[in-house]
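Asks: Give me a 3D structure for the following:
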Amino acid sequence: MEHFILLEDVYKIYNEGLESEVRALSGVNLTIERGEFVAIIGSSGSGKSTLMNILGCLDIPTYGEYIMDGHRVSELSDRELSRIRNREIGFIFQGFNLIPALNALENVELPLIYQGMGGETRRERAMEALDRVGLGNRAGHKPSEMSGGQQQRVAIARAIATRPAIIMADEPTGNLDSRTGEHVLEILHGLHREGATVILITHDNTVASTAARRIRIMDGRIVEDTRQEVAV
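Replies: Next comes the predicted model:
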């Protein structure tokens, strides 16, 4: 059986061989199937963000193999990796990462510009994404004119505008109050129901409990991988 995402004995080592050597990941084996909703849980320094960076093709393993949709990531060119990051993966970060000088619509259009999409089609797709997260009426507002929850929803709209197969969310509720955080999780689960593969990185067990599969990482190793029935 060919897995959608496969990590085989992956290590990520910084300053290898030096006194300051850090093993962020130590022999990680992981499979994720298309259409899964997975929460990766760990405290600060556990290796969960390093794992997300490798899964998102933002970094490469020191040792081991990463295979995505049948492709060995180590064999892909920089251009091919860039294409995967831009078309196949939608990233959502705790810090929103919006461009302050651009309004909501322009921020959401950015990855579509990188794809070379024409102006009219691009605006339609961006507005569709903003409507999806309930912010069509805030398209002309800049980040400074929006609440943290609204900024995070703009970031989600930007992530889904390219209609990616994978959504990677790194602590997407970390800077939000509980009610707004619940709304963000509802949006992610809605995307999952429509077929997206969602990988949620969190330190919060309550957030992780909404996922059907929970993977706990500690000291660079997977120490727990459980599945449960969830009603979302």
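Asks: Which positions within the helix or strand where residue 179 lies qualify as buried?
Replies: According to DSSP states H and E, residue 179 maps onto helix 178-193. Across helix 178-193, burial judged by 16 or more other Cβ atoms under 10 Å covers 180, 181, 184, 185, 187, 188, 189, 191, 192. (Each C-beta comes from the backbone N, C-alpha and C, glycine too.)
Asks: In the protein, what residue spans correspond to helices?
Replies: In the chain, the helices defined using DSSP state H lie at 48-55, 78-83, 104-114, 119-132, 148-160, 178-193, 205-208.
Asks: And the residue nearest the centre of the chain?
Replies: Residue closest to the average C-alpha location in the chain (Cα atoms, centre = their mean): residue 168, at 1.3 Å.
Asks: thought that residue was touching residue 52?
Replies: Yes. Taking Cβ atoms under 8 Å as the definition, residue 168 is a contact partner of residue 52 at 5.9 Å.
Asks: got any residues that touch both of these two?
Replies: By Cβ atoms under 8 Å, 6 or more residues apart in numbering, residue 168 and residue 52 have these common neighbours: 199, 201.
Asks: which non-adjacent residue is nearest residue 149?
Replies: Distances taken as Cβ to Cβ, 6 or more residues apart in numbering put residue 180 closest to residue 149, at 3.5 Å, once the chain neighbours are dropped.
Asks: So residue 6 sits against residue 66, correct?
Replies: Yes. With contact taken as Cβ under 8 Å, residue 6 and residue 66 are classed as touching, separated by 7.4 Å.
Asks: ok, the two, which is more surrounded?
Replies: Counted by other Cβ atoms under 10 Å, residue 6 and residue 66 do not tie: residue 66 has more neighbours, with 22 against 18.
Asks: got a list of what the more buried one touches?
Replies: Contacts were defined as Cβ under 8 Å, 6+ apart; by that measure residue 66 touches 6, 7, 8, 10, 54, 55, 60, 72, 73, 74.
Asks: got the angle for the helix holding residue 179 vs helix 119-132?
Replies: Following axes from the mean of the first three to the mean of the last three Cα atoms, to 10 degrees, one obtains 120 degrees for the angle between helix 178-193 and helix 119-132.
Asks: Extract the CA atoms of helix 178-193 and return them as CSV.
Replies: Included here for helix 178-193 are C-alpha records, laid out as CSV according to Å, rounded to 0.1, in the frame of the first residue of the first chain:
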residue,chain,number,x,y,z
SER,A,178,-11.2,30.1,23.6
ARG,A,179,-14.4,31.0,21.7
THR,A,180,-12.5,32.4,18.6
GLY,A,181,-10.2,29.3,18.8
GLU,A,182,-13.2,27.1,18.6
HIS,A,183,-14.4,28.9,15.5
VAL,A,184,-11.0,28.4,13.8
LEU,A,185,-11.1,24.6,14.7
GLU,A,186,-14.7,24.5,13.2
ILE,A,187,-13.3,25.9,9.9
LEU,A,188,-10.5,23.3,9.9
HIS,A,189,-12.9,20.5,10.5
GLY,A,190,-15.1,21.8,7.7
LEU,A,191,-12.2,21.6,5.3
HIS,A,192,-11.4,18.1,6.5
ARG,A,193,-15.0,17.0,5.8
